[in-house]
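Colleague: just to be clear, the model below is a prediction. Sequence and coordinates:
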Amino acid sequence: MCECCNGKKDIYLPELWTITKRRMLNGTELFVHLEKDGGGDFDYIPGQFVEVSVAGIGEAPISISSSPTQKGMELVIRNVGALTKVIHGMEVGDKLGIRGPYGSTYPIESAKGKDLVFVCGGIGLVPQRSFIRYALDHRADYGDITVLIGTKCHDMRLFREELAMWDERKDMTVLETIDEGHDCWNGNVGVVTTLIPKVESHLPNSQILVCGPPIMYKFVLMALAEAKVPEENIFVNLERRMKCGVGKCGHCQINELYVCQDGPVFRYSDLASVPEAI
Amino acid sequence: MSVSTVTKEQFKSFVAALVNSDQKVVGVQAKDDKFAFGELTDADALRLDYDVTILPPKKYVLPQKETLMNFEVAGAAKTVCPDEKMVLLGVHPYDMVAINQMDELFSQGEYDTHYMNRRDNITIIVCDVVTPSENVFASSMNTATCDSGYDILLTDIGDRFVVEAATEKGEALVKTINGAKEAAAADTDKRKAVQEKNIASLNKHTLECKPSDLPDLLEKAYDHPVWEEKAKLCYSCGSCNQVCPTCYCFDVQDEVNWDLKTGSRCRSWDGCLLSNFATVAGNHNFRENRADRFRHRLYRKGKYVPGKIDGQIACVGCGRCISACTSKIANPVEIYNTLMEKA
């Protein structure tokens, strides 16, 4: 901020956060816990994302995976491009630039008192974990919590220890499947939609939260339609190229909507006349 | 604010004095057989009789490339504040309308200090059109004249200019014109005649509906065959985006200096027609189909951006995209009129 900016903040300027924990969740997904340098407020709501950058490499939108009930912030970063490759090489004590939080949120208020069903495909579990943990930390506020998780293969499963803990809880249901069978896997085999019939009776009166790769939505939404779930009960968390995060650069547009501001979490019934969405 | 008249010689002396001051002056000049905005170092080079410039004056509020911040590699960054003051001389009314729209887009919601600082540092002198360009359709878009955004409005009434100061910045500048006289009713009548003529005649292509009808027209045209038909010839070169005064999509890239220790985060123009515009990490392209990108541009202009700025249509009828398009498929008027035929 400077005099010539009329006291206005530079919306593109990141703040530095320090990596306080890091571990690989599988071969490509790095989990980092971050603390903001100098402390200070950072309020976010499950479903939101941040712009993560390393000066000299670039910037990318990343979903927040922690719950605001936790200290600091947790992200999961897939090694998929120039920036994420550099982040994967970082150690505890190294710094990331953070802007945000940006975007819409999961319906943490309107879903109170209702059953929640999370449908997660692959790294779709990452942003969903924010709301799952939030709901578990406010357990009395929500009804039944069901988490359906589909992963491509056994080796790519995320948050394995946490899933084992969730599995032991009496106050939630976790169903997992992997696309391809594996010797060490005794559970369900098949895509995530194969889990939907197992909880079908539950669906029409639940809030359904869906996040996964682009191809997954169509099939999950078809299965939910068959199960007679009203579209206003479904929330989808969409990915696009949210380059600026502030509704200016145009990259994340789906028709007239800006995923960085109107999304990433959309109520499915609001997307009826948005053909580019799904 | 004042309305005065000055002779062309008096105006030239004013421009010469401005050019010789420490003030940066940008004006329209000939560039081969076309015209372009560029830094003015000689008052004689100013061409207020131009038809259209190759690029719109947008490049002074949203440069092709600008530094947003300087940084230490993998470390902290510091904002770069654009603070250069400038007089922008000879903006046509349709381009002024486009800048007005961008002012709203960059200040609404999250306030963009980089854009707004540049804008606040510019004094804009608009001039009414003297020579219509080959593809102008400003009359169809209600942008042949403009009534806001400028500091000074200049109208060529033959032997003299009518000079209207619209802001205090403009008034201060007009006061420096030696020989300026208060405009008589006959002068402002002549100005009105020039503007009325432009309102009727800057129309090489005629939109067969009111601009305000476009959002509703597009509401029903999403699956119209015109998108595929036109896009078959599209090279996805993005020329239509690059010459457009209302396109403001941008990319941001980091650049590292030779010392490998410091660098800059820079913003540059991008275009929604370019094939990788909506590609995310992992190479998934959310608008891979050329026809979808082609349609997106026309929807941005006629429906999506208007939804953010009180219904103002984000096409100002400059006709630059029509001239720039290699395949001759970019004409918005032709496309919107086609949608009406089958609607």
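Modeller: Perfect, thanks for sending it.

Colleague: so the closest residue to A:L148 other than its chain neighbours, which state does it fall into?
Modeller: What sits nearest to A:L148 in space, not counting adjacent residues and going by CB to CB, 6 or more residues apart in numbering or on different chains, is A:L195, at 4.4 Å. In short, each C-beta sits where N, CA and C put it, glycine included. Taking DSSP: H, G, I helix; E, B strand; the rest coil as the rule, one finds A:L195 in the helix state.

Colleague: and A:L195, what is it in contact with?
Modeller: Neighbouring residues of A:L195 by CB atoms under 8 Å, 6 or more residues apart in numbering or on different chains: A:L148, A:G150, A:L175, A:E176, A:T177, A:N188.

Colleague: turn these into a markdown table, including neighbour count, distance to B:S323 and pLDDT.
Modeller: Formatted as a markdown table, these follow (neighbours: other CB atoms under 10 Å in any protein chain shown; distance: CB to CB, whole Å; pLDDT from 0 to 100):
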| residue | neighbour count | distance to B:S323 | pLDDT |
| --- | --- | --- | --- |
| A:L148 | 26 | 55 | 98 |
| A:G150 | 26 | 52 | 97 |
| A:L175 | 18 | 60 | 97 |
| A:E176 | 18 | 59 | 97 |
| A:T177 | 19 | 57 | 97 |
| A:N188 | 18 | 60 | 94 |
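
Colleague: list the ones among the residues you listed that fall in strands.
Modeller: Among the contacts of A:L195, the members falling in strands (DSSP state E) are A:L148, A:G150, A:L175, A:E176, A:T177, A:N188.

Colleague: out of those residues, which comes closest to A:D115?
Modeller: Lowest distance from A:D115 to the ones in strands among the contacts of A:L195 (CB to CB) belongs to A:L148, with 13.1 Å.

Colleague: what residues does the stretch 51-200 of chain A put near chain B?
Modeller: Neighbours of chain B within the stretch 51-200 of chain A, by CB under 8 Å from any CB of the partner chain: A:53-60, A:78, A:80-81, A:84, A:94-95, A:97.

Colleague: which of those residues are buried?
Modeller: A:53-60, A:78, A:80-81, A:84, A:95, A:97 (16 or more other CB atoms under 10 Å in any protein chain shown).

Colleague: in CSV: those residues, plus secondary structure.
Modeller: Shown next, in CSV, are these (three-state DSSP):
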residue, secondary structure
A:S53, strand
A:V54, strand
A:A55, coil
A:G56, coil
A:I57, coil
A:G58, strand
A:E59, strand
A:A60, strand
A:R78, strand
A:V80, coil
A:G81, coil
A:T84, helix
A:K95, strand
A:G97, strand
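
Colleague: which one of those is nearest B:S236?
Modeller: Once CB to CB is applied, the member of those that ends up nearest B:S236 is A:G81, at 22.2 Å.

Colleague: how many other residues sit next to the closest residue to that closest one other than its chain neighbours?
Modeller: Nearest residue to A:G81, sequence neighbours excluded (CB to CB, 6+ apart): B:A281, at 4.5 Å. For B:A281, the count of nearby residues is 16 (other CB atoms under 10 Å in any protein chain shown).

Colleague: please apply the same query to A:L75.
Modeller: 23.

Colleague: outline the domain layout of chain A.
Modeller: As recorded under automatic domain parsing, the domains making up chain A are A:3-102, A:115-237.

Colleague: pretty sure A:R23 sits in a strand.
Modeller: Yes. Counting by three-state DSSP, A:R23 is part of a strand.

Colleague: secondary structure element for the residue lying closest to it once chain neighbours are set aside?
Modeller: Distance criterion CB to CB, 6+ apart; nearest residue to A:R23, sequence neighbours excluded, is A:F31 at 5.3 Å. Using DSSP states H and E, A:F31 maps to strand A:29-36.

Colleague: which residues does that strand contact?
Modeller: Residues contacting strand A:29-36 (CB under 8 Å, 6+ apart): A:15, A:17-25, A:42, A:65-66, A:71-79, A:84, A:87-88, A:90, A:96, A:98, A:123, A:156, A:158.

Colleague: again with stretch A:125-145
Modeller: Under the criterion CB under 8 Å, 6+ apart, residues A:46-47, A:49, A:63-70, A:76, A:106, A:108, A:111-116, A:118, A:120, A:147, A:149, A:158-159, A:162, A:166, A:169, A:171-173, A:202, A:206, A:209, A:211, A:237, A:264 lie in contact with stretch A:125-145.

Colleague: list the buried residues of it.
Modeller: Across stretch A:125-145, burial judged by 16+ other CB under 10 Å covers A:125-136, A:142-143, A:145.

Colleague: for it, what is the average pLDDT?
Modeller: On average, the pLDDT along stretch A:125-145 is 98.

Colleague: now find how far off-centre it is within its chain.
Modeller: How far stretch A:125-145 lies from its chain's middle: 12 Å, per CA atoms, centre = their mean, to the nearest Å.

Colleague: next, count neighbours for the spatially closest residue to B:S107 that is not a sequence neighbour.
Modeller: For B:S107, ignoring the flanking residues on the chain, the nearest one in space by CB to CB, 6+ apart is B:M116 at 5.8 Å. By the criterion of other CB under 10 Å, B:M116 has 18 neighbours.

Colleague: any idea how far B:I124 is from B:M116?
Modeller: Going from B:M116 to B:I124 by CB to CB, to the nearest Å gives 14 Å.

Colleague: again with A:V92
Modeller: 52 Å.

Colleague: helices of the stretch 1-150 of chain A, residue ranges please.
Modeller: With helices called from DSSP state H, counting those that start in this stretch, the stretch 1-150 of chain A shows them at A:82-88, A:125-137.

Colleague: and for the nearest residue to B:V243 once chain neighbours are set aside, the neighbour number?
Modeller: Counting by CB to CB, 6+ apart, B:V243 lies nearest to B:R320, which is 4.0 Å off, once chain neighbours are set aside. Residues near B:R320, counting by other CB under 10 Å, number 26.

Colleague: may I have the phi/psi pair for B:R320?
Modeller: Dihedral angles of B:R320 (phi, psi; degrees, to the nearest 10) stand at phi -60, psi -40.

Colleague: contact partners for it?
Modeller: With contacts defined as CB under 8 Å, 6+ apart, the neighbours of B:R320 are B:V52, B:I54, B:P56, B:N135, B:V243, B:C244, B:P245.

Colleague: averaged pLDDT, the host helix or strand of the residue nearest to B:S107. What do you get?
Modeller: Taking DSSP H and E as the criterion, B:M116 maps to helix B:113-120. Across helix B:113-120, pLDDT averages out at 96.

Colleague: pull up the per-residue confidence for residue 212.
Modeller: All of this refers to chain A. Value listed for A:G212 in the pLDDT field: 96.

Colleague: that's the other chain; I wanted chain B
Modeller: Looking at B:S212, its pLDDT is 97.

Colleague: just list the residues touching it, thanks.
Modeller: B:G311, B:I313.

Colleague: wasn't it part of a helix?
Modeller: Yes. Counting by three-state DSSP, B:S212 falls inside a helix.

Colleague: show me where chain B has its strands.
Modeller: B:3-7, B:24-31, B:34-39, B:65-72, B:77-79, B:86-91, B:122-127, B:152-156, B:160-165, B:181-182, B:250-256, B:262-269, B:279-280, B:284-285.
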